[in-house]
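Peer 1: Predicted structure and sequence below. I'll ask about it afterward.
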Amino acid sequence: MKNLFLGIFLLVFLTGCSPEIWKVVASEKNMPSNILEIKKDPSESPNIDSLVIKVTNAEQLTEAWDYFSMEKKTPKADFDTYDYYFVSIRESSSCPYKLKDVTVNDSNEEINFYFRQKAGSCNSDATPRTVLVEVEKNDAIRLENASIIYHSGNRETRTTEIIRGIE
């Protein structure tokens with residue numbers, strides 16, 4: 001009986017403390033000014049202006065930080081362990097999105113960013129938001145596409161982007 005309780009305790013402890021493969025490093029109300037020039041609108045709904053850029057070294061991070069018009073100090077980064085993704089979206093100013101999860105689908109060579117919107121009566125404006133996400137390098141190998149999944153109430157919409165590098 002003692003071993004059963006110990007086994008359950010270890011299972012709960014290890015499951016509850018398993019590390020996430022991601023974390024938000026920065027989030028600001030900015031977006032590149034030329035997003036409409038460089039990005040083609042998705043052919044399927046929700047036709048949202050969004051952009052995903054991956055950076056893998058300090059020089060790219062500094063360049064992307066300026067490109068996305070981020071205002072705070074450039075964060076420290078560990079490029080030996082992590083890759084970094086700038087994810088730009090548009091959101092309602094009264095019901096902003098919050099990044100809730102990041103998953104990797106190896107078979108589709110895709111990373112998924114799950115955003116959830118605060119419930120309530122939302123303005124229909126489209127204000128910018130850029131989130132810098134740190135993802136474990138070993139979990140993000142060979143990814144070509146990024147899906148941005150928007151949860152709003154009981155509704156889910158999705159757009160897929162090609163992961164770009166900073167040019």
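Peer 2: Cool, got the structure.

Peer 1: Below-threshold pLDDT in this protein: ranges please.
Peer 2: Scanning the chain with the threshold set as pLDDT under 70 gives 1-19, 36-48.

Peer 1: So which residue is smack in the middle of it?
Peer 2: A centroid search over the chain (Cα atoms, centre = their mean) returns Phe113, at 4.5 Å, as the residue closest to the centre.

Peer 1: For that residue, pull up the helix or strand it's in.
Peer 2: Element membership for Phe113 (DSSP states H and E) is strand 110-117.

Peer 1: How far off centre is that strand?
Peer 2: Here strand 110-117 shows a centroid-to-chain-centroid distance of 6 Å under the convention Cα atoms, centre = their mean, to the nearest Å.

Peer 1: and the following helix or strand past that strand, how far from the chain's centre?
Peer 2: Downstream of strand 110-117, the next assigned helix or strand under DSSP H and E is strand 127-136. For strand 127-136, the distance from its own C-alpha centre to the chain's C-alpha centre is 5 Å (Cα atoms, centre = their mean).

Peer 1: Contacts for strand 127-136, please.
Peer 2: Outside strand 127-136, the residues within contact range by Cβ atoms under 8 Å, 6 or more residues apart in numbering are 21-31, 68, 70, 75, 77, 81-93, 96-97, 99, 102, 104, 111, 113. For every residue, glycine as well, the C-beta is placed using N, CA and C.
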